[in-house]
Structures are given as C-alpha cells and as structure tokens.
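Chemist: heads up, no residue letters with this:
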C-alpha cells in the first residue's frame with residue numbers, strides 16, 4: 001500500500017476505537033485485510049448497536065452542538081485522511097446488528 005502511514009494508522013485507530021465504543025457487552029470486532037480489484041481492503045466490523053440509514057448518511061458531516069459519545073469529529077478526520085491518500089471508505093450498518101467500515105486503498 002502506498003499511503004501516508006500516520007494518516008492511515010490514525011484513521012484505523014479511530015475506526016477501531018468506535019467499534020469498541022459502540023459495541024455491546026460480549027460483542028465481537030473483526031478486522032480483515034485482503035486484496036480486491038488490485039486494491040487492499042481493510043474491514044473493521046463490529047456486532048454493536050449499528051446505525052440507521054439516516055445516521056450513516058450523516059456520519060461525515062459535522063453538526064455543531066454534538067458532544068460526547070458519537071460527536072463524529074474523529075470519523076470526519078479519518079475520512080479526510082483517507083481521501084487525501086486516494087482511499088475509499090464505505091460504511092455498511094444495520095440498527096441493532098452492527099457496523100462494517102471498509103477501506104479500499
């Protein structure tokens with residue numbers, strides 16, 4: 001992978017931290033790395049609380065007044081870092097069933 005190591009590690013750290021924060025007691029987190037369409041894919045999947053489609057659509061837009069758990073600033077920064085490195089970030093989630101972040105770079 002050709003990328004800025006610090007930006008990639010910071011993005012992964014944030015995504016993994018969110019997977020821990022929004023998981024449930026006894027939940028699981030899966031991290032997978034594989035090749036797909038001449039790119040490297042990194043998946044972080046949790047079995048946590050998940051998100052509605054509306055929440056997923058708002059993930060990367062900062063809303064003034066958000067504080068505490070779920071303010072979203074870390075994900076906005078992670079997406080910006082990944083964009084600067086030519087990576088694509090996809091989010092797949094279902095309320096009550098968990099979330100999967102997929103980085104393709």
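Modeler: Good, I have the coordinates. The structure presented is a predicted model; accordingly, all values stated were derived computationally and were not measured.

Chemist: can you tell me which residues contact residue 5?
Modeler: Residues counted as contacts of residue 5 (CB atoms under 8 Å, 6 or more residues apart in numbering): none. The C-beta positions use only the backbone N, C-alpha and C, and glycine is treated the same way.

Chemist: separation between residue 40 and residue 8?
Modeler: Distance from residue 40 to residue 8, counting by CB to CB, to the nearest Å: 10 Å.

Chemist: and stretch 59-79, how far apart are its ends?
Modeler: Start to finish, the residues bounding stretch 59-79 are 10 Å apart (CA to CA, to the nearest Å).

Chemist: oh, that last question was meant for stretch 44-58, not what I typed.
Modeler: 19 Å.

Chemist: which of the residues in the helix or strand harbouring residue 80 are buried?
Modeler: In this assignment (DSSP states H and E), residue 80 forms part of helix 73-84. Of the residues in helix 73-84, 74, 75, 77, 78, 79, 81, 82 count as buried by neighbour count, 16 or more other CB atoms under 10 Å.

Chemist: need the strands for the protein, in chain order.
Modeler: Assigned by DSSP state E, the strands in the chain fall at 29-36, 39-46, 88-94, 98-104.

Chemist: give me the angle between the last one and strand 88-94.
Modeler: Okay, so that is strand 98-104. For strand 98-104 against strand 88-94, the angle by axes from the mean of the first three to the mean of the last three CA atoms, to 10 degrees is 170 degrees.

Chemist: state the mean pLDDT of strand 98-104.
Modeler: Across strand 98-104, the average pLDDT comes to 97.

Chemist: quick one on the thing from earlier: what's the mean pLDDT across the helix holding residue 80?
Modeler: On average, helix 73-84 scores 94.

Chemist: and that helix, how far from the chain's centre?
Modeler: Between the centre of helix 73-84 and the centre of its chain there are 9 Å (CA atoms, centre = their mean, to the nearest Å).

Chemist: what helices and strands are in contact with it?
Modeler: When contacts are defined as 3 or more CB pairs under 8 Å, 6 or more residues apart in numbering; DSSP states H and E, helix 73-84 packs onto helix 5-21, strand 88-94.

Chemist: what's near enough to touch residue 78?
Modeler: 10, 11, 14, 15, 89.
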